[in-house]
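Q: fold the following for me, if possible:
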Amino acid sequence: MTEVIIKTSFMRSLKIQINVLNALILREIITRYGRNNIGFLWLFVEPMSLTLLISLMWFFFKINSVSNLNIIAFVLTGYPMVMMWRNASSRAKGSVTANKALLYHRNIKILDLVYARVFLEIIGASAAQVFVISIFIFAGLIAIPYDPFYMLCAWGLMCWFSLGLGLIIFVLSAKYAAFDKMWGTLSFILMPLSGAFFWVETFPHEIQKLLLYIPPINGTEMFRAGYFGPSTITHQNVSYLLFCNIVLLFVGLTMVKINENYILEDN
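A: Numbering: from 1, shown residues only. You can find the predicted model right below:
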């Protein structure tokens, strides 16, 4: 008996992939936030309220008195970016465990489940960042960004970083139960090393070179360079961050492919 193989065009496959991701993201929103109260708006309110709280705490504690730098702008250009990649990687961990039944659908793969969770965190963090910055600019608490396009490029590179990191954390958590429990603590410890709470310029030259080997620091410094412009001195290696993102994504996709059967059997 001759087996009939139906070939699907690239555009048709792309359309199917987009529809699958849209459906999974909507399902994730409903599952996580429900239909009551403000529903999916919690996706934006949650990171937005946390960023607002941190910024206002720094403002009311008069941290501005020790520096002529706008401390609210300093927080807004660092902390939300850290929360994006931290939350994205943490959410990626239980992608298959919570949605394994969906894999019986022919068009849904393991990667789709991870993508949906990571993209949802990225969307929420991005919307919250734009909204909070707009509110503070309108209120006159911070200035208009010097180069919004450069900020957008930095944010996009860190979204890419979040995806690659999320894939790796997903596989490691699925394979090693101890790592699954430890990642929340490890990611919290890594937050001070993200560059969100310091300037690279404040360190000696030798330490600056070492700090720039940490990918998130380059993204944070790049984002702040776009916001503050020439009024501050920033250090970033965009080529290195781009290289790290490519490596992270490649390693993440390879790890998912190699461990696919183990992940399906174990969950």
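
Q: next up, phi/psi of Q236, please.
A: Reported as degrees, to the nearest 10, the phi and psi values for Q236 are phi -150, psi 150.

Q: what's the answer for P204, then?
A: In this entry, P204 is assigned phi and psi values of phi -60, psi 160 (degrees, to the nearest 10).

Q: now find how far off-centre stretch 192-201 is within its chain.
A: Shown here is stretch 192-201, whose average C-alpha point lies 17 Å from the average C-alpha point of the whole chain (Cα atoms, centre = their mean, to the nearest Å).

Q: any buried residues in that stretch, and which?
A: Of the residues in stretch 192-201, those with enough neighbours to count as buried (16 or more other Cβ atoms under 10 Å) are 194-196, 198-200. Quick note: C-beta positions are derived from backbone N, CA and C, even for glycine.

Q: report the contact partners of Y240.
A: 212-213, 215, 218 (Cβ atoms under 8 Å, 6 or more residues apart in numbering).

Q: beyond the helix or strand hosting L157, next helix or strand please.
A: Secondary-structure element containing L157, defined by DSSP states H and E: helix 148-175. Per DSSP H and E, helix 148-175 leads on to helix 177-190 as the next helix or strand towards the C-terminus.

Q: show me what the following helix or strand past that next one is in contact with.
A: Where DSSP H and E defines the elements, the next helix or strand beyond helix 177-190 is helix 205-211. Counting by Cβ under 8 Å, 6+ apart, helix 205-211 makes contact with 195, 200-201, 203, 217, 235, all of which sit outside it.

Q: out of these, who's nearest F10?
A: When the contacts of helix 205-211 are compared for distance to F10, the smallest value, 37.7 Å, is given by I217; criterion: Cβ to Cβ.

Q: residues near that closest one, how many?
A: Residues within reach of I217, counting by other Cβ atoms under 10 Å, total 22.

Q: report the separation between the residue nearest to L248 when sequence neighbours are not counted and V114.
A: If you skip the residues right next to it in sequence, L248 has G164 as its closest partner in space, 2.9 Å away by Cβ to Cβ, 6 or more residues apart in numbering. With the distance defined as Cβ to Cβ, to the nearest Å, G164 ends up 11 Å from V114.

Q: and those two? Which one has more around it.
A: Looking at G164 and V114 with other Cβ under 10 Å, you find the greater number of neighbours at V114, namely 26 against 23.

Q: those helices in the chain, which residues are they?
A: Listed from the start of the chain, the chain has helices (DSSP state H) covering 10-33, 42-60, 71-76, 79-92, 95-99, 110-138, 148-175, 177-190, 205-211, 215-228, 238-258, 260-266.

Q: quick one: the ones you listed as a markdown table, columns for mean pLDDT too.
A: A markdown table is the format used below for these (pLDDT from 0 to 100):
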| stretch | mean pLDDT |
| --- | --- |
| helix 10-33 | 80 |
| helix 42-60 | 67 |
| helix 71-76 | 82 |
| helix 79-92 | 87 |
| helix 95-99 | 77 |
| helix 110-138 | 87 |
| helix 148-175 | 92 |
| helix 177-190 | 81 |
| helix 205-211 | 90 |
| helix 215-228 | 93 |
| helix 238-258 | 93 |
| helix 260-266 | 75 |
